[in-house]
Structures are given as C-alpha cells and as structure tokens.
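> What shape does this take:
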Amino acid sequence: MGISFKYLGLEVGGNPRKKKFWEPVLNKLKTRLNIWKRRFLSMAGRICLIKSILTSVPLYYLSLFRAPVMVCRSITRIQRRFLWGWGKEKETISWVSWKVVCKSREEGGLGLRVVHNFNLALLAKWRWRLLADEKGRWKDLLASKYGSSLNVLHSPVKFQSLWWRDLFKACGEDGGDGWFSKEIGWKLGCGDKVKFWEDIWTGNSSLKSLYPRLFSLSLDQGQKVEEAGVWTDSVWQWCLRWR
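A predicted model of the protein is given here:
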C-alpha cells in the first residue's frame with residue numbers, strides 16, 4: 001500500500017523513474033507556457049519566460065531526482081512549442097535546431113538550458129556538498145545512512161536506496177569512476193579524507209590511473225594518504241606495502 005500524501009509538492013514514496021511521478025511538473029509547465037501567452041509575447045519575451053519558468057517550476061524536482069529521458073524530452077517539447085508556436089495549437093516548424101538554441105549567446109545560441117544536463121548538474125551538486133566543509137543535519141543524516149563523512153563518496157550503491165543509486169548514475173559512477181570523480185581534486189590537508197591511490201590529490205590524475213601496474217601490486221588499495229606513511233623525527237616517510 002503506497003503513501004498517499006505529498007510534501008512540498010512531492011509525492012512521498014513515489015518512484016521518480018516513472019513518468020507519472022513527474023506529471024505535476026509537466027502540467028505546471030503546460031499551464032505557465034500556454035497558448036495565449038505565446039500569442040501576445042515577442043520572441044525575446046518568450047525566451048525570458050522559458051528561462052524563468054525552467055528555473056522555478058521544475059527546479060525542486062530536478063535538484064532531488066534523476067529525471068527519465070522521456071520526461072526531459074517532454075519538458076523540451078513544451079519549451080520548443082512555446083518558443084516557435086506563435087499562438088498556434090498545431091505543431092509548427094522549428095527554424096533552428098534545439099542544440100543551437102541551447103548554446104550560449106557567445107556561441108550563437110539563445111542561452112537556454114539543456115534539461116538533461118541541468119538535472120545532472122543539480123544532482124552532482126549534492127555530491128560536491130557532501131565533500132565540502134559545509135555542515136548541516138542533512139549531511140549528518142546522509143553520512144549516518146550511507147557511510148561516515150570520510151567515505152561517503154565511495155559508499156557502495158548496489159544495495160542502497162533508489163535515490164542514492166540515481167545520484168551515482170547521474171555522476172556516471174554506477175559502474176566505476178565517472179565524470180564527477182575525474183573532474184574534482186582534493187586539497188591534501190592532513191590526508192585523513194583523501195585516498196592515496198584512487199583520489200586526485202597530486203597532479204591532474206589519480207595515482208591509480210597513472211601507475212596501474214603498481215596499483216595492482218599494492219596492498220594499500222583504498223587506504224587514506226595519512227595511512228600510507230608515518231612521521232619520524234618531524235620527517236614524513238612513506239610506508240607502502242606490496243605483494
């Protein structure tokens with residue numbers, strides 16, 4: 001039996017992988033970007049309205065859940081019809097490719113956002129905030145559920161919640177290192193949060209990718225930098241183990 005109430009417009013216990021879960025968002029977009037508005041607005045006015053609606057109505061959903069491909073296409077279709085519709089109910093001709101429309105103005109586009117990329121960026125921000133020095137109850141809650149604050153980034157996802165698995169998929173890391181891990185870097189500090197082999201803390205690549213043969217022979221896989229050596233008479237000495 002499902003939970004039959006909503007919180008802040010979101011269906012509690014709903015499945016974000018189904019299109020039905022996103023129907024409230026699609027209906028709100030259709031209401032805001034309706035025919036009569038595009039009939040009396042200029043091209044510049046329609047562009048401004050599309051930008052403001054996209055950053056307000058679906059923002060809460062897109063910042064929490066990974067939107068299915070069909071939902072992203074539906075949102076794009078609503079935006080495209082509003083931009084090129086000129087007050088007509090039937091499908092009209094799109095004079096410019098939507099990829100060109102979503103380019104920045106410097107590149108010859110109109111600066112509209114690609115819904116799928118916008119969704120990934122909002123979800124990736126959660127991963128970034130988990131690694132940053134920000135403090136809050138939400139962070140303590142996630143750390144207690146999925147792992148300590150020291151290893152929450154590397155928490156296994158196979159048996160975790162649907163939301164946590166979608167968060168890793170959005171970062172391309174459901175099957176290994178994804179774009180998120182490759183784009184971030186660590187400030188070493190005391191080395192209690194940075195993994196010696198797996199994280200990028202010296203140079204632009206991880207030691208695992210630079211020296212795959214040494215990594216395969218190492219007995220220190222998964223260990224932090226602080227565990228890979230000791231202080232002796234105020235001098236740091238590496239203590240790497242091999243098989």
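
> shaky segments in this protein?
1-5, 8-9, 35-38, 86-91, 147-159, 174-177 (pLDDT under 70).

> how about the helices in the protein?
Assigned by DSSP state H, the chain shows helices spanning 23-32, 35-39, 43-54, 59-62, 69-84, 98-101, 115-131, 137-146, 162-170, 179-183, 207-210, 212-217.

> would CSV of those with distance to residue 107 and mean neighbour count be doable?
Every residue, glycine included, has its C-beta placed from N, CA and C. Below are the helices of the chain laid out as CSV (distance: least, CB to CB, whole Å; neighbours: other CB atoms under 10 Å):
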stretch, distance to residue 107, mean neighbour count
helix 23-32, 26, 16
helix 35-39, 25, 14
helix 43-54, 16, 16
helix 59-62, 23, 18
helix 69-84, 18, 18
helix 98-101, 9, 14
helix 115-131, 15, 17
helix 137-146, 36, 13
helix 162-170, 25, 18
helix 179-183, 21, 15
helix 207-210, 31, 16
helix 212-217, 37, 12
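
> Please identify which of those is closest to residue 195.
helix 207-210 (8.8 Å; CB to CB).

> what about stretch 31-50, start to end distance?
With CA to CA, to the nearest Å as the measure, stretch 31-50 spans 12 Å from end to end.

> on that earlier part again, and the helices of the chain: which comes nearest residue 16?
In terms of CB to CB, the element of the helices of the chain nearest to residue 16 is helix 162-170, at 7.1 Å.

> what angle sits between the closest one and helix 115-131?
Relative orientation of helix 162-170 and helix 115-131, computed by axes from the mean of the first three to the mean of the last three CA atoms, to 10 degrees: 110 degrees.

> which strands and helices sit next to helix 162-170?
Other elements packing on helix 162-170 under the criterion 3 or more CB pairs under 8 Å, 6 or more residues apart in numbering; DSSP states H and E are helix 115-131.

> what's in contact with the helix it packs on?
54, 59, 62-63, 66-67, 69, 72, 75-76, 139, 142-143, 149, 152-153, 166-167, 170-171, 180, 184 (CB atoms under 8 Å, 6 or more residues apart in numbering).

> How is this protein partitioned into domains?
According to automatic domain parsing, the chain comprises the domains 6-113, 123-176, 185-243.

> How many neighbouring residues does residue 41 have?
Residue 41 has 16 neighbouring residues, counting by other CB atoms under 10 Å.
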